[in-house]
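J.: 3D model of this:
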Amino acid sequence: MIDFRQLKPKHFGHVVRCGNRHTSLLSRRRSFLAATWGGMLAIAIALTAVSTGAGEVPPGFVDELVFSGGDTDIKGLYCLRFAPDGRMFITEWRRGWIRVLTYDRGSDQWTLLPEPFHRFDTPDSNPASETARRGTLRSFDFDPEFETNGVIYATYMHDEDRRGYRIVRVQQSKDNPNRSDGSEERLFTCPFFADGAQPDAHNGGGVVVGGDGKLYVSFGDGWREETATDLRGFAGKIVRLNRDGSIPSDNVWYHELEGDLRAIVGVGQRNPTCLSRHPVSGDVYINGFTGRDKAGMFRLTQGAHYGHGGPSELGKRVPEWINTKMANGGTTWACWYPRGGTWPKEYWHNALAVNWMPKSGEIIRIVGGEKRPKKVPFATGLVYRGGEGVDIGPVAAEIGPDGHLYYTVREYGEYTDLRRIRYLGNDAAAPLVAGSSSTPPDASGVDTAPAMLDETRSLDLASYATATHGGNAERGRQIFLENDGLACLKCHQYQNMGSDVGPPLTEIGAKRSREHILDSILFPNKEIDETYIQEMVVTDDGGVVTGRVETEMEDQLVLVTAEGKRVKVVKASIEARRRARSAMPDDYAKRLSLDQLRDLVEFFATTGGEGSHSTYKKK
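T.: Residues are numbered from 1 along each chain as shown. Reported below is the predicted structural model:
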């Protein structure tokens, strides 16, 4: 990995090799806050420039690092899903943990909670076990009534039962929503066919609650093709259960099969790693290394033979719903973009399928609806060099509460990253300004590097250098006081208006130079008055409050948020606290034209300094 702390100003903007591609260092800049306080990680997602690599992401989108596996105690990320309340739940497949991250929209920060939601007893969680590519903890899904019952379904390989998977139900704790109550209810055990299937590969393990309210689980062939159609075991099969673990009597082969095997409703899968649910029809879709090119996406149909493993006593062969291969790699995951999301309408209800293999790195967009699916490239070449020197690529993806695509990146081993593809808008090709630094914070969690190096600033902001003079103060005052998109008065005081979250601006022109004023607008995190430093406080129930500390007493803090609200936090409930980024947005280069920026600087420079204005009353 590139150590940005060793780079000098002359290095910025040069072309460097990242993985297998040449790309601008500015476009590959990994800017993040990642500091561990007793196992707690606060993650700041940086605003980066749109990648210039050919075809990496569509115009208007940016691919950015959320956190690097080398800077956390997370090992081997795989499945991720978002709870109805917006929390991110994510699996460590080998260690067998489900972890929770909470999101603070105001600061755009994800916080990894130090203790896992639940620990499963997987083979790789036992130091005495041999490490292999086994499935261990693969997937999970929330009960449709999770908000009231707190139930999560998971599939994993238990250390005492390595010949197949357990399907279990875990319960969110009533005392702490970010922990389970520690118990597991085993709903079903699905051993692979003991005569041939191996437990260390082709495990499948997808799980989802379908639109019919039933629980669907997928299993791989155990690296032996004939087991996929052998009806004496669960290898290569699709299973359908009631959510209490009982077998529905309307399963297609309920009367042809016996015992637990009556749960089988499909055969002929090679390695079905993911199951997803269509947001409108509720139909279940299978993604995995099955079908042509190991990149088949199937619509789950009761009684289907999905084409792998030769002939079967039961099952009608069905074609792929779509083959997702573009350049390389098999399909490992798919999710569906929701109606009403922040991306353009043409993305609503599209499927986004992940093709994972070393040096593949594709996320494919599927358009045309369920009846006329057509694949088009979305993001390609998403291969990165991990901290252990291995190439890592996307393996699972979901849409977050902010409407953007989050995806886990890994290889077979434990090194892993979490990334996000974010939509910036049709004007995203214009120069972007990032106020965050290009270096990780120090051990205290405070970002100590300059916001941008001088030469970088000249590369990105050459046109803005002229904004220190030539503006119109009256127009600038109108922008400051009346532009709702800037909302300056939410944080700053001007004469008799505004809030005291940030420094007062009534006499800023008498105290600061024009260059300093411009710098402060474009790089709000470069220099912050100690009186107005923001802190992020994480409480033991997973709550996050970000604001300026107004008062601090022995037993409590009072913080003033960016909305001007005063929030009291009992100190005994604080799990971690740290310095946060400025509440002032760092994308004013996008929100303002050059002329507007020039007018704003002129207004501030003549406020209490070169000139003064009469008291202004907003109309």
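J.: Please count neighbours and contacts with C-alpha atoms only from this point.
T.: Fine.
J.: in what helix or strand does the most centrally placed residue in the chain lie?
T.: Against the mean C-alpha coordinate of the chain, by C-alpha atoms, centre = their mean, the closest residue is Y406 at 3.2 Å. Y406 belongs to strand 405-410 when elements are defined using DSSP states H and E.
J.: So for that strand, mean pLDDT?
T.: Model confidence over strand 405-410, given as mean pLDDT, is 90.
J.: Name the residues that touch it?
T.: The list of residues contacting strand 405-410 from outside it, by C-alpha atoms under 8 Å, 6 or more residues apart in numbering, reads 76-80, 386, 391-400, 416-422.
J.: swap the cut-off to 7 Å and go again
T.: 76-78, 392-400, 416-422 (C-alpha atoms under 7 Å, 6 or more residues apart in numbering).
J.: picking up where we left off before, state the distance from the residue nearest to the centre of the chain to Y337.
T.: With distances defined as C-alpha to C-alpha, to the nearest Å, the gap from Y406 to Y337 amounts to 12 Å.
J.: got it, and T122?
T.: In this view, T122 and Y337 are 32 Å apart by C-alpha to C-alpha.
J.: how about F604, phi and psi?
T.: phi -60, psi -40 (degrees, to the nearest 10).
J.: so how many other residues sit close to it?
T.: The local packing count at F604 equals 28, with neighbours defined by other C-alpha atoms under 10 Å.
J.: Now do the same for it: its pLDDT.
T.: You'll see F604 listed with a pLDDT of 80.
J.: Check the one 3 residues further on too.
T.: On pLDDT, T607 comes in at 71.
J.: host element of the closest residue to it other than its chain neighbours?
T.: By the measure of C-alpha to C-alpha, 6 or more residues apart in numbering, the closest residue to T607 outside its immediate chain neighbours is G509, 5.0 Å from it. Secondary-structure element containing G509, defined by DSSP H and E: helix 508-511.
J.: Can you list the buried residues in that helix?
T.: Using 16 or more other C-alpha atoms under 10 Å as the test for burial, helix 508-511 gives I508, G509, A510.
J.: list the helices and strands it packs on?
T.: Counting by 3 or more C-alpha pairs under 7 Å, 6 or more residues apart in numbering; DSSP states H and E, the packing neighbours recorded for helix 508-511 are helix 594-605.
J.: Packing partners of the helix it packs on?
T.: Contacts of helix 594-605 with other secondary structure elements, assessed using 3+ C-alpha pairs under 7 Å, 6+ apart, are made with helix 473-482, helix 508-511, helix 514-522.
J.: Which one of those helices lies nearest to S246?
T.: Minimum separation from S246 across the helices and strands packed on helix 594-605 (C-alpha to C-alpha) falls at helix 514-522, 59.7 Å.
J.: What mean pLDDT does the closest one get?
T.: 76.
J.: Give me the sheet partners of the helix or strand just after it and which way each runs.
T.: Once the chain leaves helix 514-522, the next helix or strand it forms, by DSSP H and E, is strand 534-539. Strand 534-539 sits in its sheet next to strand 544-552 (antiparallel), strand 574-579 (antiparallel), going by DSSP bridges.
J.: pLDDT below threshold where in the stretch 201-350 of the chain?
T.: Low-confidence segments of the stretch 201-350 of the chain (pLDDT under 70): 328-329.
J.: so what does the helix or strand following the strand holding Y406 touch, helix or strand wise?
T.: Tracing the chain C-terminally past strand 405-410 and defining elements by DSSP H and E, one meets strand 416-423 next. If contacts are counted by 3+ C-alpha pairs under 7 Å, 6+ apart, strand 416-423 sits against strand 61-68, strand 405-410.
J.: thinking the residue nearest to T607 is in contact with E602, fair?
T.: No: counting by C-alpha atoms under 7 Å, no contact exists between G509 and E602, whose distance comes to 9.1 Å.
J.: need the strands for the stretch 201-350 of the chain, in chain order.
T.: 204-209, 215-219, 238-241, 264-267, 274-277, 284-288, 296-299, 304-305, 316-317, 322-323, 330-336 (DSSP state E, counting those that start in this stretch).
J.: Please enumerate the shared neighbours of Y406 and Y337.
T.: Shared contacts of Y406 and Y337, counting by C-alpha under 7 Å, 6+ apart, come down to I399.
J.: Save the buried residues of helix 508-511 as a markdown table, and put in distance to S281 and pLDDT too.
T.: As requested, those are exported to a markdown table (distance: C-alpha to C-alpha, whole Å; pLDDT from 0 to 100):
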| residue | distance to S281 | pLDDT |
| --- | --- | --- |
| I508 | 58 | 77 |
| G509 | 60 | 75 |
| A510 | 63 | 72 |
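J.: ok, so of those, who is nearest I322?
T.: Out of the buried residues of helix 508-511, the one with the shortest distance to I322 is I508. That distance is 60.6 Å, counting by C-alpha to C-alpha.
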